[in-house]
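1. The amino acid sequence is not available; the structure is as follows:
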């Protein structure tokens, strides 16, 4: 058994990746320079050697500068689980800021937070997933990651090492021995098992029983999404047509005859084709066959089969449902499948139907 387990905050993890990239780049660059120097060493005179020393000094500074900047700007945080002393330590810039004995930790939960970072093309939202620890008197963050599958694996690792339960979003406490159970053998809240799950009429969802299993079919067509996609496509088309058309003098503003020239007609067709991609994508997503089929042994989603034995849980992330295990996560967007208010209902229907189709024991499945 390990003497300790260490986790860094997500920014420090990213900085480590950047540092390794810099080191590899520097080694390759120095190798090329060293090879070039060795090939021409006999031709150097004393003046050339002085130049080489000066240039080399500047290169050392140039290579060292990014590492210095990273060291100054980084704010590393670590969480250390020491199995010899049976304590948890929180470190900030290598200095301990908090400690807690193992026995104080009663359970863990998963959570997340988001923040926005500026980029060259605007901004993007970063979602950070966290493992939260809970004692009798306080809640605190244990570890974090931008990779949910890895965080989930690490969270379960903590539960197994400390012999504490994991509390799900539904309030269900899962004991360490049950953490590796496949999805169809997991306990389900009584509120889900005994409820009659219904969907909004606007979602256009219907349940169909066949010899292969039970299917949840969607005829969801949102007029709002279609309306927005049409206006977005029109704006995109106008931008492409006039921004690039005026540049090459083939936009409608440069038409001198009717019918226009072949180049002008082709550019108009091209700008319409590219500009209406948002509308065509929305139209395709709303009119294609949308079905989730639950069988005795697997979940069939978008025509692909996902055996229950390979997956451990079904989780919800905003308008997405995700199948997860210890190594990966498969994400399915329900944006074009149903109303956003029905995403949770779809999740509960899947949990209940997977249990029923796989032949689960209702008495053993009830929990909470």
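-> Good, I have the coordinates. None of these values were measured; they are calculated from a predicted model.

2. If we ignore the residues flanking it in sequence, what's nearest the residue sitting nearest the centre point of the chain?
-> Nearest to the mean C-alpha position of the chain, by CA atoms, centre = their mean, lies residue 147 at 6.0 Å. Closest residue to residue 147 apart from its sequence neighbours, by CB to CB, 6 or more residues apart in numbering: residue 129 at 7.7 Å. For glycine as for every other residue, the C-beta is placed from the backbone atoms N, C-alpha and C.

3. Strand partners (parallel or antiparallel) of the helix or strand hosting that neighbour?
-> Taking DSSP states H and E as the criterion, residue 129 maps to strand 122-134. Strands adjacent to strand 122-134 in the sheet, as given by DSSP bridges, are strand 107-119 (antiparallel), strand 139-145 (antiparallel).

4. Out of those, the one nearest residue 296 is which?
-> Checking the strands paired with strand 122-134 against residue 296 by CB to CB gives strand 107-119 as the closest, at 29.5 Å.

5. So for that closest one, mean pLDDT?
-> For strand 107-119, the per-residue pLDDT values average out at 88.

6. Spatially nearest residue to residue 165, not counting backbone neighbours?
-> residue 173 (4.2 Å).

7. and the gap between the one you found and residue 185?
-> Distance, residue 173 to residue 185, by CB to CB, to the nearest Å: 16 Å.

8. Show the backbone phi and psi for residue 255.
-> Main-chain dihedrals, residue 255, degrees, to the nearest 10: phi -70, psi 130.

9. Could you count how many residues lie near the residue nearest to residue 112 when sequence neighbours are not counted?
-> Spatially, and ignoring its direct neighbours in sequence, residue 112 is nearest to residue 129 (4.8 Å; CB to CB, 6+ apart). Each residue near residue 129 was counted by other CB atoms under 10 Å, and the total is 21.

10. quick one: contacts for residue 129?
-> Applying CB atoms under 8 Å, 6 or more residues apart in numbering to residue 129 gives the contacts 110, 111, 112, 144, 145, 146, 147, 148, 151.

11. swap the cut-off to 10 Å and go again
-> 10, 110-113, 143-152, 155, 317 (CB atoms under 10 Å, 6 or more residues apart in numbering).

12. Also residue 308?
-> Applying CB under 10 Å, 6+ apart to residue 308 gives the contacts 182-186, 294-299, 323, 354, 357-358.

13. Among those, which ones are in strands?
-> The strands, defined by DSSP state E, take in 294, 298, 299, 323 from those.
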